[in-house]
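Student: Curious how this folds, go ahead:
(one chain, ligands or ions: 1)
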Amino acid sequence: MNIIKATDYNDMSRKAANIISAQVTLNPSSVLGLATGSSPLGLYSQLVERYKQGDLDFSRVKSVNLDEYLGLAHDNPQSYYYFMNENLFTKINISPENTHIPDGMATDGQKACEEYEQAIRALGGIDLQLLGLGNNGHIGFNEPGTGFEQLTHCVALTDSTIQANSRFFEKPEDVPTKACTMGIKSIMMARKILIIVNGKGKADIVRKAFFGPVTTEVPASILQMHPDVTLVADAEALSLCTL
Ligand code: F6R
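Tutor: Below you'll find the predicted structure:
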């Protein structure tokens, strides 16, 4: 595993943007696996800046997102569809038809997950998958205990996740209880993986995930078995690791 130490969040975002920029420059038809959450926000704004400066061209890039809540429409500000359009897609020259996010409004969630996995294969697989790291070691919506052999699948959100999300919704019944996520196997099939982590709050899980035993109790620990993983983390996130 390649570990790149950044000084802080901005430095992490720039260093991660360097990796994605190199990928898109060297292979303009790359299939990028993308993530939502707070970790990639700075990276996405870096990519937008580089696009505006004329240094990046996304016209042939294809993207597949890791996950989406089930039951949220595209115009719901909590949907990952909304997030990606707001923070990246509408600010660069990627074609909307080249972007893929699991269908949050699918009536048959299981079928939608299977079709999503097939769509990834039809694109030729993922060249570079971007990941964030959950506080409990999750990647995508693959929570501790998820089998490493899973492909894209539906998950029931844990009570603590539902509880944490409830602050974003007016009524409790509007809070999503299910999601569609790429599985660990879908993620591990990506040719390269870039995982970005920042902040003191994640120092312990970074140590467990990348220096502890490989176990389904820490889903991200499986990344130790991938042949091409780059971890870009800030000094705080790496503070409990001896490099
Ligand atoms: C996002 C995703 C999640 C996040 C993780 C970290 O698409 O699948 O696994 O990457 O929860 O979230 P942040 O970056 O908000 O700390």
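Student: Residue 223 reaches residue 229, doesn't it?
Tutor: Yes. Using Cβ atoms under 8 Å, residue 223 is in contact with residue 229, at 5.1 Å. Placement of C-beta: from N, CA and C, glycine included.
Student: hey, what's in contact with both of these two?
Tutor: Taking Cβ atoms under 8 Å, 6 or more residues apart in numbering as the criterion, residue 223 and residue 229 both touch 1, 193, 195.
Student: Reformat the residues you listed into CSV and put secondary structure, neighbour count and pLDDT next to each item.
Tutor: Below are these laid out as CSV (DSSP: H, G, I helix; E, B strand; the rest coil; neighbours: other Cβ atoms under 10 Å; pLDDT from 0 to 100):
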residue, secondary structure, neighbour count, pLDDT
1, coil, 15, 95
193, strand, 22, 99
195, strand, 26, 99
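Student: and of these, the nearest to the ligand?
Tutor: The closest of the shared contacts of residue 223 and residue 229 to the ligand turns out to be residue 195 (Cβ to the nearest ligand atom; 8.9 Å).
Student: Can you give me every residue that contacts the residue nearest to residue 12 when sequence neighbours are not counted?
Tutor: Excluding the flanking residues, the one nearest residue 12 by Cβ to Cβ, 6 or more residues apart in numbering is residue 6, at 3.8 Å. Contacts for residue 6 (Cβ under 8 Å, 6+ apart) come out as 12, 14-15, 198, 232-235.
Student: Repeat that for residue 42.
Tutor: Taking Cβ under 8 Å, 6+ apart, we find residue 42 in contact with 9-10, 12-13.
Student: From residue 106, how far out is the residue nearest to the spatial centre of the chain?
Tutor: The centre of the chain sits closest to residue 35, judged by Cα atoms, centre = their mean, with a distance of 2.5 Å. Separation of residue 35 from residue 106 (Cβ to Cβ, to the nearest Å): 20 Å.
Student: count of neighbours near residue 77?
Tutor: Residue 77 has 9 neighbours, counted by other Cβ atoms under 10 Å.
Student: ok so it is a helix residue?
Tutor: No. Counting by DSSP: H, G, I helix; E, B strand; the rest coil, residue 77 falls outside a helix, being coil.
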